[in-house]
Every structure is written in structure tokens, then in C-alpha cells.
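J.: A predicted structure for the sequence below; I have some questions about it.
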Amino acid sequence: MKNDATTSSVSPSRLIDARIKELDDWRGKTLAHVRALIKQAVPEVVEQWKWRGVPVWEHDGIICTGETYKSAVKLTFANGASLADPSRLFNASLEGNTRRAIDLHEDDELDEEAFKTLIQAAAELNGRKARKKA
């Protein structure tokens, strides 16, 4: 999906729809699946389209991004290092002090309940940070 003048007038949700359709393989299905789980976990989540074509889910700040690569769908949590992850979903970007990521590959199965709990925790953390700033 190109990010040019024509995409600036299209809603982020439609751009994400287009990205999923454009992928037309396991990555599109995976992105669609995690998107649905994110919306179930935080129904008031806001979808954005940033950085030349990256789906972003926000609630009082960035919860996570959904980047697609040839061999993985990477879900990067902006404040992942501050989140409890008892189910050990985070499997990438573990060395930093702020972000954490979940790399999903073609045959991976995601623990849906643990993922939704992580999404909710990220939204709650963003809310606490936003209230502190206010």
C-alpha cells in the first residue's frame, strides 16, 4: 500500500483493510485476526496509519503497531517493557528498556486470551500515564 497524497484522505481503518487485502496470504489473515482481538479487548481503540504505512492501535497513546514482513507479522508494544507478560507472548525486541514485540510466523498459534489481556494492560498503562500528565 503506497503512502502518498491519495492515502491522506482515506480513513486509517480503510487503509488497514486495504493492507490486509493486499497481503492476500497468511500475513493478511494474521493481521486481520490480531486486529479483531485488539478491538475485542479494547472496543474504543483508535486505528491509525503511520510511518509510511504501519497500522497502529491507540488508546491514550500507542498500544501497539502491526508491521508485516516477509516471514513475520510483528506486533510492537510501545511500552511493552512495563507490562507483565506471564504467558511469555513477547518474543522479540526484548533487549530494550521500553518496547517489546510479538513476532508471529506462518504456523504460529497465538494465545488469544493472553493477548487480549496484554492489550488491555497496555491501554490501562497508557490511561494511567495520560492521567498523570493532566
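T.: That came through fine. Numbers count the residues shown, from 1 in each chain.

J.: any idea how many residues pack against the residue lying closest to residue 100 once chain neighbours are set aside?
T.: Nearest residue to residue 100 in three dimensions, chain neighbours excluded: residue 80, at 2.7 Å (CB to CB, 6 or more residues apart in numbering). Placement of C-beta: from N, CA and C, glycine included. Neighbour count for residue 80, taken as other CB atoms under 10 Å: 26.

J.: doesn't residue 119 make contact with residue 80?
T.: No - shown here, residue 80 and residue 119 do not form a contact pair, counting by CB atoms under 8 Å, at 11.2 Å.

J.: need the residues touching each of those two.
T.: residue 64 (CB atoms under 8 Å, 6 or more residues apart in numbering).

J.: low pLDDT regions in the protein?
T.: Scanning the chain for pLDDT under 70 picks out 1-8.

J.: quick one: the helices in it?
T.: Ranges of helices within the chain are 12-23, 26-41, 112-133, based on DSSP state H.

J.: so which bits of the longest one are buried?
T.: Think helix 112-133. Judged by neighbour count (16 or more other CB atoms under 10 Å), helix 112-133 contains these buried residues: 115, 116, 117, 118, 119, 120, 121, 122, 123, 125, 126.

J.: beta partners of residue 50?
T.: Legend: beta-bridge partners of residue 50 under DSSP bridges are residue 54.
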